[in-house]
Structure formats: structure tokens, C-alpha cells
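>>> Everything below, folded, please.
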Amino acid sequence: MGMPAVRISPDFEPSRNDSSTKRSIPDRYKTRVLNAAGMAPAKTILCIALPRLSTDRAVRGLVAGSAAGGASSAKGAAGRLRHEPLALTVEERGARRIAAVSAAAERGGVWVGMTLSQGRAVLPSLWDLPHRPDEDRRELTALAAALGVLSPIVGIEGSDVLALDLTGCEAVSGAPRVAAARAIQIVGRRGYASRCAVASTLSAARALARFAVGREPLVVAPGGEAAALARLSPAALGLSEEATARIAALGIMTIEELWNLPRDPLAARLGAEVGRSLDRALGIAPEAITAIAEEFLPEERIEWPEPIDRPAAVEWALKRMADGLASQLEARGLGVSELAVVVERPAVTLDRPSAVVGGERRREQISVKLSEPRRSAAWLLTVLKARFERVDLGEGIEALAVRAARVQPLAYGAPAFFELSDDGPEDGDAREEWRELLDRFEARLGAGVFGAVELLDEARPERAWRIGVRQIEEKGGALPHLRPRPLAMVRTPVPVVLERDAAGEPTAITLGGERHPIVGAEGPERIETGWWDLSGSSVMSSMGVMSSKGAPSVGSSADRAVGDRSRRDYWVVELASGRRLWICSELTQEILAGVFS
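Got it, this is the predicted structure:
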């Protein structure tokens, strides 16, 4: 059994008059440390350990179930379990074995590795819940994303430690002590107890965060790692179980005793792993943080020990997840344009005969699209609540997850659906109101309830647009190679008669039996399809124009072979009244195709 860890004072730095410090590291290590320090500037590594990650997460889920009048059994248990002994168990060889314990259970004599019956024999008041390591990993990843507000480099070390490289991030994260306090606050808001340490090497910061005693952050000045680690157990170096057992068999109780051994015999008896671990802890050998993948999409998840069916409990969970998701998005400078919600319902049982068979849980996928990228927690909660008004709680919900399915840098902005600018406060307010209105409608009525007119790269006007799903990634606009088009197109084109002069310019138009002189004309604009376009057809036939005899007009698809080309001339004519018309002339007929505003 190793020597108990000691509390290292904040900003600890070896003193030249401290004899214990002088003998804490052999001269051969001092030389190597000095050489390594001269090769590269010292880093600032922050590690935050979550010693009760599994039990804290389980209690957090139970509190979620009891919030705002949730399940009655969970409601009474939630408040008590924060201080009551709790064990998380797994099935192993027909027995329920303890995989994680709370601080209260550990104080009561319950240890990891016991069976549940053994634990209850030691501590009859022991509570138990199933252990879910996959949920622990998912929550650890979410916490890593939330801590990205302090550093762009955040990694997961083992099963219970998060590491941040604060080098050069002082302007964002603050001084090391301030950054440590902020990290503890971030994970504390989510219900997790933690210990934090800052050092110039990853191994030293990780060891101190895991094994040092005390709740206040530890900040070790560069060069003070040796003295800070000296009295910790060798297990703090993160060695394998085999190497740790060999060290214990030799009676070595502290890291100081370990590095006082001659290096070559040490490697011969314990393997090269021990020496490499010492080198990394002292900064002699390089060690980098493996950052979480950039493609990781922010996600929040809450799981309940038993199904909940109260809207108030769901609303409480949505608020917690919206806050967490907003924190992750802010840390990475992102906005979310689509949320993916997963609702997990109970599996089929005898008392739930209506449940659908298949898998441990039934999963319902819900998509919530936003008009523009956002990361406001309040607004994310608003659209989630609106969408959940259409979710049938039915037999209850066992787990709920919200993921940012589509993200983009928020600084890039997003297109205005109604082309409102942000130049002035009034336009900005109107734009924001439109966004909120669209988001509310889509959340309540479903995705795709709104359509947008999309321009296509097609010269023929009847094929140059379509109604599509409202887009948010790209800003639409007029195609630069086309001439101006009228905003109002005639759904059923009206036949007209154009009178022309000797040069072929329009001089008058007969529309609806009335003759109107033309005071100005622009054109013609020739639109002609290529021989390769098998969809070519007359504008008259494609728009349903009939000839005066009631038969399809000349040049219609009824008279032309498939693949025949379409050839049209368009004129913009202005009447004496000021009205501007768009006239299409094809073969022997002219029609009114549109009216300019």
C-alpha cells in the first residue's frame, strides 16, 4: 500500500535552502532536465480529474428524472443520493459486481471489485444503479468540448481526466490559477466534483490532479515538478498494472525512491516503461495532448433510471441540455443550424405490451432546423420546447440526447430569408423577428413547412426556378449572365399580337382585343436550346397555350419530335401608360410571359 499523497502548496517552486528538495532528484536527472528546458520553452498544461465521474453522472440523471415533479420514486431519491452511499454495478459471472462507488460509499468501507451483496453486508444502506461506461465516455467528451472555451487543445486522458494545453492562451483563459478556477466551475455547473492541477508537463499535471490531496487548484511553477511529485505513489505516473505490481514488490513507496534507483538496473528489473514515464513527468521526453477530433459534433445527453412522463421534467432536461450545448458551441466558435434529437423509450416488457419489440430501447429521431446558425441557450431551448409539444410522452422517456447535427462558424453569418439587412437597428430587429417566427413555425409544424424560391442555371424561364426547402448554407441571388426578369410571371400565358416596323421592332401590341402603342422596346433576347437537350419544347405547349382553333399551337410538343430544339425571342416593351411587359415570340405566335413591377 503506497504512502498517502501530500498537499503541495500553490505555485510551488523548489527552494535552494530546502534540503529535501535538493535530494529529491539526482544530479543525473537535473542535467537532463536543464538540457530539456533549454531546448524548448516551458508549456502550461492543465489537467482536471473527475474522481467520481460515474456516480456523479448517475446522480445527475436521477436528479433530471425528479426535476419539476418527475417520477415519484426518483423524486425522493435524487436529493438523498447526493450524500448517500451509491454503487454502480455490472453483471459478471452471474453476480453483480461493483464498478464505481461514491465518496460516501467509500467512506463506509465499500470498494470497487466487491460484489453487491458484499457491499450491502458492509453497508446496508448502500444504493445501487447500473454502471454505463459508454455514457461516462460520452459525458467526458461533452465536458472536453465545453472546456474548449479555455483552450483550442483539449484531450481525454484515460477514463477520468481532461487535459488542456494553455500555452499561449493567457489572453483567453487568464493566468493558470484563473484558468483552473474556471475549469472547475465549468464542470461543477454540470454536477461533477473535480480536482485540478497545472504544471509544465502533461504527466505531472495529470498525476497531481489525480493523486494530490485538497480541493484548491495546484499550480506548479516550471521546474518544480520533481519536488511536487516526489512523495506521490509511483501509481501516479500512469504505469501499467504489471509495472506497478513489480514496483510495490520491491518496497518502493514514492516516486522519489523510484528515481533515486540507478537507471540501468531500474530498466532491467522493471522495464523501459518506468524510465520513460519518469522522463515524461520531468519534461525530459516530449509528450503531447491528443486533442478530441475537430469533427466531433457537440452533443448533450441525459438518462433517467426509470421512464419519465411529466412535461415539466422534460422541460427541465431540455434546459440543461440547451445550456450545455450552447457552452460547447461558444467554446468552438460555432453556430448550429440543425439539431438532431434522439428520444429513447422503454423496451417491450410484460407490463408494456404496446411497446415495439426490437433492441434494448426504441429510438425516435427528431430533426429541428433553424433559420440561421445560432448558439443562444435561450433560443435553443425555445425551439426544442416548441418541437416537443408534438412529442407523445406515452409510456415515458428513458433517455434524451440533443446533438448539433449541422454546424458552421458563426462569424460567417447566414443568409437572410427575406433579404433583410443588418445595417440599422430597425432592420436588424426585423430580421431577428423573422428568424424567430420561422423557427417557431418549423419547430411546431415540422421541417420543410416553408419553401424558398431557388433560381436555377437555366435560360428558359419556366425551368429557371423551383420551390425548394429553405436553404441556410448559401445565399441565393440573380444569375449574373441573365438579363433582368419580371417578378410576376403569367401562370397561363396570354396570346398577343405584335405589330412591327420594317426593321422588325415592335410598335404596337394587341392584348385582350385592345391595341396599345409601344413607346419603347428592348430586345430581342434569343433563347435557344442545344441539340443535346432532349427536353426541348415549345414555350406554348409547356405552358398550355392553345391556338385560335383550339388545337395545340404550332411548334408544340404534339407536332415536334422529342429532342427538337426550342428557339424563342423575348422582348421587353413599354406602353404609354408606363407598364412594362415581357413578350415571348416563338415561331408564328407571341404571348405575354410576364409583367415587370
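
>>> those helices in the stretch 301-450 of the chain, which residues are they?
311-332, 377-388, 425-445 (DSSP state H, counting those that start in this stretch).

>>> pLDDT averaged over the first one, what's the number?
Yep, that's helix 311-332 we're talking about. In this model, helix 311-332 has a mean pLDDT of 86.

>>> With stretch 572-592 instead?
Per-residue scores along stretch 572-592 average to 86.

>>> ditto for stretch 519-526
87.

>>> same thing with stretch 128-141?
The average of the pLDDT scores along stretch 128-141 is 87.

>>> One more: stretch 166-182?
Rounded mean pLDDT across stretch 166-182 is 88.

>>> longest strand anywhere in this structure?
strand 514-528 (DSSP state E).

>>> Neighbouring strands - and their directions - for that strand?
strand 506-511 (antiparallel), strand 567-575 (antiparallel) (DSSP bridges).

>>> Now do the buried residues in the last one.
Taking 16 or more other C-beta atoms under 10 Å as the neighbour-count basis, strand 567-575 is seen to contain the buried residues 567-573, 575. Placement of C-beta: from N, CA and C, glycine included.

>>> want to try JSON lines for those residues, with distance to residue 252 as columns?
Conversion of the buried residues of strand 567-575 to JSON lines gives the following (distance: C-beta to C-beta, whole Å):
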{"residue": "567", "distance to residue 252": "93"}
{"residue": "568", "distance to residue 252": "92"}
{"residue": "569", "distance to residue 252": "95"}
{"residue": "570", "distance to residue 252": "91"}
{"residue": "571", "distance to residue 252": "96"}
{"residue": "572", "distance to residue 252": "93"}
{"residue": "573", "distance to residue 252": "99"}
{"residue": "575", "distance to residue 252": "101"}
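
>>> ok, the residue lying closest to residue 525 once chain neighbours are set aside - contacts?
Spatial nearest neighbour of residue 525, chain neighbours left out: residue 570 (4.4 Å); criterion: C-beta to C-beta, 6 or more residues apart in numbering. Residue 570 makes contacts with 523-525, 527, 582-585, 593, as judged by C-beta atoms under 8 Å, 6 or more residues apart in numbering.

>>> Can you give me the neighbour number for residue 576?
10 (other C-beta atoms under 10 Å).

>>> Contacts only, for it.
516-517, 519.

>>> what does residue 496 give?
Residue 496 neighbours (C-beta under 8 Å, 6+ apart): 509-511, 583, 590-592.

>>> what about the strands in the stretch 101-250 of the chain?
127-130, 154-157, 161-165, 195-199, 218-219 (DSSP state E, counting those that start in this stretch).

>>> By mean pLDDT, which helix or strand of the protein comes out lowest?
helix 19-22 (a mean of 39; mean pLDDT, DSSP states H and E).

>>> just to revisit the earlier point, check the gap between the residue nearest to residue 525 and residue 583 for me.
Noted for residue 570: a distance of 7 Å to residue 583, by C-beta to C-beta, to the nearest Å.

>>> what about residue 502, neighbour count?
Neighbourhood size, residue 502 [other C-beta under 10 Å]: 5.

>>> State the mean pLDDT of stretch 493-511.
Averaging pLDDT along stretch 493-511 gives 89.

>>> Tell me the buried residues in that stretch?
493, 495-496, 498, 506, 509.

>>> now those residues in TSV, with distance to residue 126?
Putting the buried residues of stretch 493-511 into TSV (distance: C-beta to C-beta, whole Å) gives the following:
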residue	distance to residue 126
493	82
495	89
496	90
498	94
506	94
509	93
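
>>> and the two most separated of those residues?
493 and 506 (16.9 Å; C-beta to C-beta).

>>> Could you list the buried residues of stretch 184-203?
184, 186-187, 190, 192-203.

>>> just stretch 221-230 next, same as before
Those would be 221, 223-230, for stretch 221-230 by 16+ other C-beta under 10 Å.

>>> Extract the CA atoms of it and return them as CSV.
The C-alpha coordinates for stretch 221-230 follow below in CSV (Å, rounded to 0.1, in the frame of the first residue of the first chain):
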residue,chain,number,x,y,z
ALA,A,221,5.9,26.6,-11.4
PRO,A,222,8.2,25.3,-14.3
GLY,A,223,11.0,23.3,-12.8
GLY,A,224,9.0,22.4,-9.6
GLU,A,225,7.6,19.1,-10.9
ALA,A,226,10.2,17.0,-9.3
ALA,A,227,9.5,18.3,-5.8
ALA,A,228,5.8,18.2,-6.4
LEU,A,229,5.8,14.6,-7.4
ALA,A,230,8.4,13.3,-5.0
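
>>> Go through the strands paired with strand 514-528 and name the closest to residue 148.
Of all these, strand 567-575 comes closest under C-beta to C-beta, at 55.2 Å.

>>> Tell me the one among the buried residues of strand 567-575 nearest to residue 291.
residue 570 (57.7 Å).

>>> From residue 506, how far off is the closest one?
12 Å.

>>> can you check residue 263 too?
On the measure of C-beta to C-beta, residue 263 and residue 506 end up 99 Å apart.

>>> Name the residues contacting each of residue 570 and residue 506.
Contacts common to residue 570 and residue 506, judged by C-beta under 8 Å, 6+ apart, are residue 583.

>>> Residue 380 is in contact with residue 374, correct?
Yes. Between residue 374 and residue 380 there is a contact under C-beta atoms under 8 Å: 6.8 Å.

>>> who has more neighbours, the two?
Comparing residue 374 with residue 380 by other C-beta under 10 Å, the one with more neighbours is residue 380, at 26 against 21.

>>> ok, and for stretch 207-221, which residues are buried?
So for stretch 207-221, counting by 16+ other C-beta under 10 Å, buried means 207-212, 217-221.

>>> Next step: these restricted to helices.
Among these, the ones falling in helices (DSSP state H) are 207-211.
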